[in-house]
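> Have a look at this prediction, sequence included:
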Amino acid sequence: MNLEPNHNDKKGEKSIDTQKKFWKVDEEKFQAAKKTISESPGGIECLIIDENTKQNLTMRKMSGVFTDLDYARSIVRSISMLKFFDHENILKVLDIIKPETETNSKDILMITEHMEGSLYQVIFSKKSLSNDHIQDFIYQLLLVTLYLHSADVIHRDFRPSLLLMNKECLLKISSFQWARSLSGEGDVNSESVLPLYCKTPEMLLFEKHGKPVDIWAIGCILTELLGRAVLFTGKDYLDQLNKILEIIGTPEEDDLGWIQNQAGLKYIKSLPKKNRTVWKDLFPDANPDALDLLDKMLVWNPEQRPTAQECLNHPFFQDIYDADDLIVCNEKFVWKGNEMETSMETLKAMIYGGSESSSQ
């Protein structure tokens, strides 16, 4: 990757040449650092430096956003939420740079604060994780979940690779691509695009779902922190469902009332009785309070899972719990981008015009 100045540029600008694509960087504001953070078919991230503060920032180019309406909606929703929310565990968007030419009008160029790594890198590294580390990571996730749920937003896609982290172990949500607003988006159902291992029982059964899906996801992250591996590794929907039941056991009749999918209900009832796994057998070195919290989070019946507030009140956090840490959002996030008349131009206006959401 070449980060040297392109001599065809206007004075005061540098071009970052990435696979023959050009990003314009205001040289008076930013210095292009010679480092690619990540690269994928969906875009590329590079490190830049703020010339005034000398702080490292991340510049991300998302390619081909405005080529498909559904994809554009999901990305614009994600950016809109990043801009709307104000919480220390949510990545801050510092600037959205409007393209100068029609050639780049299908892409989005975004500048955010810089994070050195992700929780995924920590989990699957050889670095030891103490109980204090695990406690702090889950505490942070529950704090930001409490905040999001107070705004009637469910994230639905908590996974370590999307949870960025700095050297001080501060976690930040970096994407809301599959998040949904419960205020204005109607019934929320599972999309097949969500990663399989992120799906809860209610998602696997194509049921309506809400805030309990995020509690399940955090419980799954807790198991990854404890075991340094993904717990549920199904190959398809049915296999994933069976993997879950092998661990949490076959649900009792009283825990099946929420299932509307008759084919799914019939399948669950046809399964042989399986007992719930003893978490101590899976994670023998874990803090007993962590295992007790895990036992409450990974529950088949979504109606029986604790809220984020109830999780924060758990004894696992008694050493670090501070009521001042509990922040709620003063407004409900209401997404209007799914309305039938929404066009590409409307979505672009949401990004570049500042009208990313409405609030109640």
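Perfect, thanks for sending it. Bear in mind the structure is a predicted one, so any value in this text is a computation, not a measurement. Residues are numbered from 1 along each chain as shown.
> For the helix ranked longest in the chain, the averaged confidence score.
As assigned by DSSP state H, the longest helix anywhere in the chain is helix 131-150. Throughout helix 131-150, pLDDT has a mean value of 98.
> Counting by contacts, list what it packs against.
Helix 131-150 is packed against strand 171-173, helix 212-227, helix 288-297, helix 308-312, with contacts defined by 3 or more C-beta pairs under 8 Å, 6 or more residues apart in numbering; DSSP states H and E. C-betas here are computed from N, CA, C, even on glycine.
> Tell me which other helices or strands the very next helix or strand once past that helix touches.
Of the helices and strands lying after helix 131-150 in sequence (DSSP states H and E), the nearest is strand 153-154. Packing contacts for strand 153-154, counted by 3+ C-beta pairs under 8 Å, 6+ apart, involve strand 180-181.
> Using TSV, lay out the helices and strands packed on helix 131-150 together with mean pLDDT, mean neighbour count and distance to S118.
As requested, these are arranged in TSV below (pLDDT from 0 to 100; neighbours: other C-beta atoms under 10 Å; distance: least, C-beta to C-beta, whole Å):
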stretch	mean pLDDT	mean neighbour count	distance to S118
strand 171-173	97	24	9
helix 212-227	96	23	12
helix 288-297	98	18	21
helix 308-312	98	18	22
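> can you redo those as CSV with distance to I44?
Formatted as CSV, those follow (distance: least, C-beta to C-beta, whole Å):
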stretch, distance to I44
strand 171-173, 20
helix 212-227, 27
helix 288-297, 36
helix 308-312, 34
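> right, so of these, which gets closest to G249?
The closest of the helices and strands packed on helix 131-150 to G249 is helix 288-297. By C-beta to C-beta, the value is 11.2 Å.
> Can you spell out which helices and strands pack onto that closest one?
helix 131-150, helix 212-227, helix 279-282, helix 308-312.
> For K348, which of those helices is the nearest?
That would be helix 131-150 among the helices and strands packed on helix 288-297, by C-beta to C-beta, at 25.7 Å.
> what about dumping the CA coordinates of the closest one to CSV?
Taking only C-alpha atoms (Å, rounded to 0.1, in the frame of the first residue of the first chain), the coordinates of helix 131-150 have been written out as CSV:
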residue,chain,number,x,y,z
ASN,A,131,-10.7,-12.5,36.8
ASP,A,132,-10.4,-8.7,37.1
HIS,A,133,-10.0,-8.5,33.3
ILE,A,134,-13.1,-10.7,32.7
GLN,A,135,-15.1,-8.8,35.3
ASP,A,136,-14.2,-5.4,33.8
PHE,A,137,-15.0,-6.4,30.2
ILE,A,138,-18.4,-7.8,31.0
TYR,A,139,-19.1,-4.9,33.3
GLN,A,140,-18.4,-2.5,30.4
LEU,A,141,-20.6,-4.4,28.0
LEU,A,142,-23.5,-4.4,30.4
LEU,A,143,-23.1,-0.7,31.0
VAL,A,144,-23.4,0.1,27.3
THR,A,145,-26.2,-2.4,26.9
LEU,A,146,-28.1,-0.7,29.7
TYR,A,147,-27.6,2.6,27.9
LEU,A,148,-28.7,1.2,24.5
HIS,A,149,-31.8,-0.5,25.9
SER,A,150,-32.8,2.7,27.6
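> Many thanks, have a good one.
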